[in-house]
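Chemist: Sequence first, predicted model second:
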Amino acid sequence: MTENPFFVHPLAIVETRSIGEGTRIWGWSHVQEQVSIGASCNVGEHCFIENGVKIGDRVVVKNGISLWEGTMIGNDVFLGPHAVFSNERYPRSGYPKTYEPIIIEDGVSIGAGAIIAPGVKIGRYASVGAGAVVTRMVTAHALVHGNPARSKGWMCVCGLKLPSSDGSVSVVSCTCRRMYSISETECKLMQEGA
Amino acid sequence: MTENPFFVHPLAIVETRSIGEGTRIWGWSHVQEQVSIGASCNVGEHCFIENGVKIGDRVVVKNGISLWEGTMIGNDVFLGPHAVFSNERYPRSGYPKTYEPIIIEDGVSIGAGAIIAPGVKIGRYASVGAGAVVTRMVTAHALVHGNPARSKGWMCVCGLKLPSSDGSVSVVSCTCRRMYSISETECKLMQEGA
Amino acid sequence: MTENPFFVHPLAIVETRSIGEGTRIWGWSHVQEQVSIGASCNVGEHCFIENGVKIGDRVVVKNGISLWEGTMIGNDVFLGPHAVFSNERYPRSGYPKTYEPIIIEDGVSIGAGAIIAPGVKIGRYASVGAGAVVTRMVTAHALVHGNPARSKGWMCVCGLKLPSSDGSVSVVSCTCRRMYSISETECKLMQEGA
């Protein structure tokens, strides 16, 4: 009998075997059988991860989060405490379900208590502010806030807000020295920091 | 010794005996003694249902929901994941409590993470959007969104949004073939689908 | 072996010994070792209180609340059900954390499901409405609502909203007979009730 390369708190219920090395699952959390979780993740207390969810490497799932069937989480994602996910746009008790899965791309950060509506895709390195209600797709690197969530600027890979640009297209650099080309609708990483 | 006609997960604490046939209560949920829950309900994980709550038949209570004393839930209600309820308008530690119970009528759907203020009544077949903060009464069949929640249209019994009407009073039909009479302030079911 | 002067539910995990007389900690809640909780507090179910949190006397922590390292809670505070706290403004998986602790002063009430951003200080006897998203400092006695939270009036020590004043500076009295001097930016208790 080999020891698991991951940690499961004795008060958690973990039914999957597909968990990467170094990942930790804390107490009173439930991970169902058809779930895949990558390496070096941390799943907090009071979480529920339903069959059909896939989570990448180095993902932080803070306390009190339920992830529903079909949710796809990339690598290096941060899900803030008590963020709320769903997968049904028009739920009615007794009516058939129509799932619209949520997709969270690599490097995204979701603020505490933010709410992500069914079918939403959040692009790479976007940041969702605490308490935002995200009802539409979020562009890569965008910072969104409010109810409904609106774009308020652009975020660097490192998690800092980029300086705003006045003109139509321009180049900005973060204090971490990464450089971006920014237009009204897009933010593209041009160069990794030196 | 007869078997229960309902299911209680071994990690739940269920103190009431008043639970209908086919109802399931999942792990780490606590249902107090003076609670009544109807038949064919599903109460998710990490829920708390306080003394003095009544829940009808075929009600879905998703994960992480606390229902407080006095809350009344009708039949065929859907409470989305991590919806938040309360029953005190002016809470202060050390001051007497004045409860204002919440009433949720038959067929209502509450979106994920929506917040329902004390004393609010939500009328039959209304739908509350994900993350909405409901501070006032919601009319039957209304769709509400935002913080504070505002009316954004009308919902069919089947859970779909009804087409909007331009005039003062008009008749609209859902794709499920139910017909409604709609005015600025009201939506009435005229005819069940054929 | 002496009995504890406080109550811990058998399904809670409580690692600190620094808990005052009469305090109760309910099931499925976890209080870490370097936490200090005062007397006559009530910590509901499904809570998490991290190392480095300090909580005063007579504090109510309703269900489903996580308090993170550095959070300071005064006396007589009411934290409504499923209120959400955080301590990282720019979280990114894999990047160093920069904590900005939250400070909640004496007598504050936080509404159900309200969200408090990192680094926010909430002044004495302020009230945060249900579902508010608090992103900035809240003045003592202020009532705030909305996303982002904005000031909507002033609150008495007793938890009631004070009558509004028209002029620049004026004196108002609550039905509890406490009197306040109110300006556009400040509310000061002048006299305790007779």
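Modeler: Sure thing, it's come through.
Chemist: Report the residue ranges of every domain in chain A.
Modeler: For chain A, automatic domain parsing gives the domain ranges A:1-155, A:161-194.
Chemist: what would those look like in a markdown table with mean pLDDT, mean neighbour count and distance to chain C?
Modeler: C-betas here are computed from N, CA, C, even on glycine. Shown next, in a markdown table, are the domains of chain A (pLDDT from 0 to 100; neighbours: other CB atoms under 10 Å in any protein chain shown; distance: least, CB to the nearest CB, whole Å):
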| stretch | mean pLDDT | mean neighbour count | distance to chain C |
| --- | --- | --- | --- |
| domain A:1-155 | 96 | 21 | 3 |
| domain A:161-194 | 87 | 14 | 8 |
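Chemist: I'd like these laid out as CSV, including distance to chain B.
Modeler: Below are those laid out as CSV (distance: least, CB to the nearest CB, whole Å):
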stretch, distance to chain B
domain A:1-155, 3
domain A:161-194, 23
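Chemist: Out of those domains, which is closest to residue B:145?
Modeler: domain A:1-155 (7.7 Å; CB to CB).
Chemist: And that closest one, how far out from the chain middle?
Modeler: Relative to the centre of its chain, domain A:1-155 is centred 5 Å away, using CA atoms, centre = their mean, to the nearest Å.
Chemist: right, and residue A:70 touches residue A:99 too?
Modeler: Yes. Counting by CB atoms under 8 Å, residue A:70 touches residue A:99, with 5.4 Å between them.
Chemist: quick one on the thing from earlier: out of the domains of chain A, flag the one nearest residue B:41.
Modeler: domain A:1-155 (9.0 Å).
Chemist: ok so, going back, intersection of neighbour lists for residue A:70 and residue A:99?
Modeler: residue A:87 (CB atoms under 8 Å, 6 or more residues apart in numbering or on different chains).
Chemist: show me what contacts the residue nearest to residue A:183 when sequence neighbours are not counted?
Modeler: Leaving aside its sequence neighbours, residue A:183 sits nearest to residue A:169 (CB to CB, 6 or more residues apart in numbering or on different chains; 4.7 Å). Residues near residue A:169 by CB under 8 Å, 6+ apart: A:181-183.
Chemist: So which of those sit within strands?
Modeler: A:181-182 (DSSP state E).
Chemist: Kindly indicate which of the contacts of residue A:169 lies nearest residue C:150.
Modeler: Checking the contacts of residue A:169 against residue C:150 by CB to CB gives residue A:182 as the nearest, at 30.0 Å.
Chemist: Ignoring the adjacent residues along the chain, who's closest to the closest one?
Modeler: residue A:165 is the one closest to residue A:182 (CB to CB, 6+ apart), at 4.9 Å.
Chemist: Quick check, that neighbour in contact with residue A:180.
Modeler: No. Residue A:165 lies out of contact with residue A:180 (CB under 8 Å); the separation is 9.2 Å.
Chemist: Quick check: neighbours shared by these two?
Modeler: Residues touching both residue A:165 and residue A:180 by CB under 8 Å, 6+ apart: residue A:172.
Chemist: which non-adjacent residue is nearest residue A:137?
Modeler: residue A:121 (5.0 Å).
Chemist: contacting residues around the one you found?
Modeler: Contacts for residue A:121 (CB under 8 Å, 6+ apart) come out as A:102-103, A:105, A:137-138.
Chemist: Which ones among the residues you listed map onto strands?
Modeler: Taking DSSP E, the ones among the contacts of residue A:121 that sit in strands are residue A:103.
Chemist: could the contacts of residue A:121 be laid out in JSON lines, adding distance to residue C:17?
Modeler: What follows is those, written out as JSON lines (distance: CB to CB, whole Å):
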{"residue": "A:102", "distance to residue C:17": "42"}
{"residue": "A:103", "distance to residue C:17": "46"}
{"residue": "A:105", "distance to residue C:17": "45"}
{"residue": "A:137", "distance to residue C:17": "50"}
{"residue": "A:138", "distance to residue C:17": "45"}
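Chemist: out of the contacts of residue A:121, who's nearest residue B:129?
Modeler: residue A:102 (15.9 Å).
Chemist: CA atoms only: put stretch A:145-162 into CSV for me.
Modeler: Extracted in CSV, the C-alpha atoms of stretch A:145-162 (Å, rounded to 0.1, in the frame of the first residue of the first chain):
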residue,chain,number,x,y,z
HIS,A,145,-16.3,44.8,-11.1
GLY,A,146,-19.9,45.5,-10.2
ASN,A,147,-23.4,44.1,-10.7
PRO,A,148,-23.6,43.4,-13.6
ALA,A,149,-19.8,43.2,-13.9
ARG,A,150,-18.2,45.8,-16.3
SER,A,151,-14.7,46.2,-17.5
LYS,A,152,-12.6,48.7,-15.5
GLY,A,153,-9.1,48.2,-16.9
TRP,A,154,-6.5,45.5,-17.6
MET,A,155,-4.5,43.2,-15.4
CYS,A,156,-1.0,42.0,-15.7
VAL,A,157,0.0,38.3,-15.4
CYS,A,158,1.5,39.2,-12.0
GLY,A,159,-1.9,40.3,-10.6
LEU,A,160,-1.3,44.1,-10.7
LYS,A,161,-3.5,46.6,-12.6
LEU,A,162,-1.9,47.9,-15.7
